[in-house]
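Participant: structure here, sequence nowhere to be found:
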């Protein structure tokens, strides 16, 4: 049986407790790993999220898998809070669900993405 991307997105979001921009700022201040998956060109156009770790979507799982030799040093284990950010909050939902499949029980995303962050008046670099 095939699924549409909307069905995949609905299934992913049913597993997530998505965070608002303010909740994401609080999570970042409390030590959560906030991961910006936007490509470089998009970050150049839209701006950067101070404190976020940039990891483009195509390598996300390899960089966050605690057992991967290519993991980033910020990875502390599957209990870590990880908030994924994209531009509008679509691909980040799918990425957060993939991280949950990888064992990250506390993986989620920023509802509305970076654009919601910026619209909320939060810091932009």
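Facilitator: Noted; the coordinates are in hand. The structure displayed is predicted, hence computed values, not measured ones.
Participant: before we move on, what SS does the residue nearest the centre of the chain have?
Facilitator: Residue closest to the average C-alpha location in the chain (C-alpha atoms, centre = their mean): residue 84, at 0.5 Å. Three-state call for residue 84 (DSSP: H, G, I helix; E, B strand; the rest coil): strand.
Participant: so what sits opposite it in the bridge?
Facilitator: Bridge pairing for residue 84 (DSSP bridges) gives the partners residue 35, residue 109.
Participant: so it sits right up against residue 113, yeah?
Facilitator: No: in this structure, residue 84 is not within contact of residue 113 by C-beta atoms under 8 Å, at 9.4 Å. Quick note: C-beta positions are derived from backbone N, CA and C, even for glycine.
Participant: need the overlap of contacts for these two.
Facilitator: Both residue 84 and residue 113 are in contact with residue 92, where contact means C-beta atoms under 8 Å, 6 or more residues apart in numbering.
Participant: which helices and strands does the helix or strand hosting residue 114 pack with?
Facilitator: For residue 114, the host element (DSSP states H and E) is helix 113-119. Packed against helix 113-119 by the contact rule (3 or more C-beta pairs under 8 Å, 6 or more residues apart in numbering; DSSP states H and E) you find helix 21-29, helix 40-46, strand 82-85.
Participant: which SSE is immediately downstream of the shortest one?
Facilitator: Looking back up the chat, that one is strand 82-85. helix 91-101.
Participant: show me what that following helix packs onto, helices and strands only.
Facilitator: Using 3+ C-beta pairs under 8 Å, 6+ apart: helix 91-101 touches helix 5-14, helix 60-64, strand 82-85, strand 107-109.
Participant: report the angle between it and helix 5-14.
Facilitator: For helix 91-101 against helix 5-14, the angle by axes from the mean of the first three to the mean of the last three C-alpha atoms, to 10 degrees is 60 degrees.
Participant: show me what counts as buried in helix 91-101.
Facilitator: Across helix 91-101, burial judged by 16 or more other C-beta atoms under 10 Å covers 91, 92, 93, 94, 95, 96, 97, 98, 99, 100.
Participant: could you list the residues in contact with it?
Facilitator: By C-beta under 8 Å, 6+ apart, the list of residues contacting helix 91-101 reads 8-9, 11-13, 15-16, 18, 37, 57, 60-61, 64, 82-86, 107-110, 113.
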